[in-house]
Each structure stands twice: as structure tokens, then as C-alpha cells.
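S.K.: just a sequence and a predicted model for now, questions to come.
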Amino acid sequence: MQIGILGSGNIGGNAARAFAQAGHHVRIANSRGPETLQKLVDEIGPNAEATTPQEAVDASDVVLISVPWTKREEALGEIEGWDDKIVIDAMNAYTEDFEIDDLGSKTSTEFTRALVPGARVVKAFNTMFYKRLAGEGKPNGAKDRLAMPVASDDPAAKRVVMDLIDEIGFDPVDNGDLVEGGRKQQPGSPIYNQPIGAKEMRDQLARA
């Protein structure tokens, strides 16, 4: 699968490594230009390349967005061609001072969805600490495998993302629709940044 990564920080960089190790081709982009990503691409290997954000979107089936929340409009505002792309929103609504941004009654993904018109949006990869994403993936069926929630209004897009999560060593947990499910994944929720398995996560989500 062709996967674009917008944002090369802790989540984006480690997701890119994991996808590439699973055999997918990743195109990584940031705000500073492809030349600044060469070291990361060399570390990941032949399944990775550095591109511009527009090139990453154009050439990919799935696009993971992991840019800083405060930079989202700047990072996404000029990109075109989102129609039918599966977009994984991995962002969390933190201010520059790392305080939780007050979004009123809306979830962060509702703001993201407005910036990617026509995309099939999935909320995932936002609840797991990056060091766990980098080093704690385990084969399917392994004991103590960590879980990751997935929310979307598009069942087929959700299935694609859940399969990707399984491939990189984590148990995907269906978390319902994009708004209510996404709300249960936001910072401060019982499952946010918690190293738990699928059963415990389902129990926590059912009570949330």
C-alpha cells in the first residue's frame, strides 16, 4: 500500500518506520522540505522516500496526518486532491504550551475533517505514546499486545486502518463513529496514553 505521512515528528516518524517494516511504501513530508528528511528516510530504508506534502497526498492511498495541532491549517490548507483518500487523523488538540485546547462542543477531528474535503477520515494513532508505537508492537495473538482505538463513519476505511494497525503489531479496537468515538479518544479520556489490551480498552470505552 502507498502511505503518505504528513509530519515527521514522534508519531509520524515512528508510524512511517512501522509501515515500511510491514512492507508498505511511505512518502514522508514536513513543512521544511524533503531535503530535511533524508536522514530519516535513509534510516527507514528503501520503502521510504521524502516528498512534498502535495506529492505525498497525490501518490498515496492512505494519508496519516501528525502535524502539530496549532500548525494544522498552515500544513493542510493549500493541499488539494483529498477526494476518496483515507485520512488518518493522529493529531491531538494541544496548544503551543501543551495545554488542552478548548474546542467547545466539537472534537478535534471535526476541525480536521473540514480541512480535507472529500476524504474518508479515520481517527487513530492519537492515543498511544510514541515510544510504545516505536518499540512495543507484537505479532497477532501475542500475550499483552497493546490496543489502539479506531473511529470513523466509513466502515471500509476503518477496516483498512484496523488492518494496518494489526500489521504493525497492535490490536485495533472499533470505537464507533467519528464524532462520538473520536471524543472518547481525546486527551483526558480513560484510554488516552494508557498501555492496555483490547478487552480492557473495550470495557473502558463502553463505560465512557
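M.R.: Structure received.

S.K.: need phi/psi at the residue nearest the centre of the chain.
M.R.: For the chain, the residue nearest the mean C-alpha position is Ala90 (3.4 Å; CA atoms, centre = their mean). Phi and psi for Ala90, reported as degrees, to the nearest 10, are phi -100, psi 10.

S.K.: I figured Gly77 hits Val116, correct?
M.R.: No. The criterion here is CB atoms under 8 Å, and Gly77 misses it with Val116 at 10.5 Å. (Glycine included, C-beta is placed from N, CA and C.)

S.K.: more neighbours: which of these two?
M.R.: More neighbours surround Val116 than the other of Gly77 and Val116, with 20 against 8 (other CB atoms under 10 Å).

S.K.: ok, that one - contacts?
M.R.: Contacts here follow CB atoms under 8 Å, 6 or more residues apart in numbering; on that basis Val116 touches Ile65, Leu76, Trp82, Lys85, Val87.

S.K.: try it again with 10 Å
M.R.: Applying CB atoms under 10 Å, 6 or more residues apart in numbering to Val116 gives the contacts Val57, Val63, Ile65, Leu76, Ile79, Gly81, Trp82, Asp83, Lys85, Val87, Asp89.

S.K.: name the member of the residues you listed with the most neighbours.
M.R.: Asp89 (31 neighbours).

S.K.: bridged to that residue, which residues?
M.R.: Beta-bridge pairing for Asp89 (DSSP bridges): Ile65, Lys123.

S.K.: what pLDDT is listed against it?
M.R.: For Asp89, the model assigns a pLDDT of 98.

S.K.: how far away is it from Lys131?
M.R.: With the distance defined as CB to CB, to the nearest Å, Asp89 ends up 21 Å from Lys131.

S.K.: list the contacts of Gly176.
M.R.: Gly176 touches Pro149, Val150, Ala151, Ser152, Asp153, Lys158, Gly182, Arg183, Lys184, Leu205, counting by CB under 10 Å, 6+ apart.

S.K.: which non-adjacent residue is nearest the fifth one?
M.R.: So the one you mean is Asp153. Sequence neighbours aside, Leu178 is the residue nearest to Asp153 in space, at 4.8 Å (criterion: CB to CB, 6 or more residues apart in numbering).
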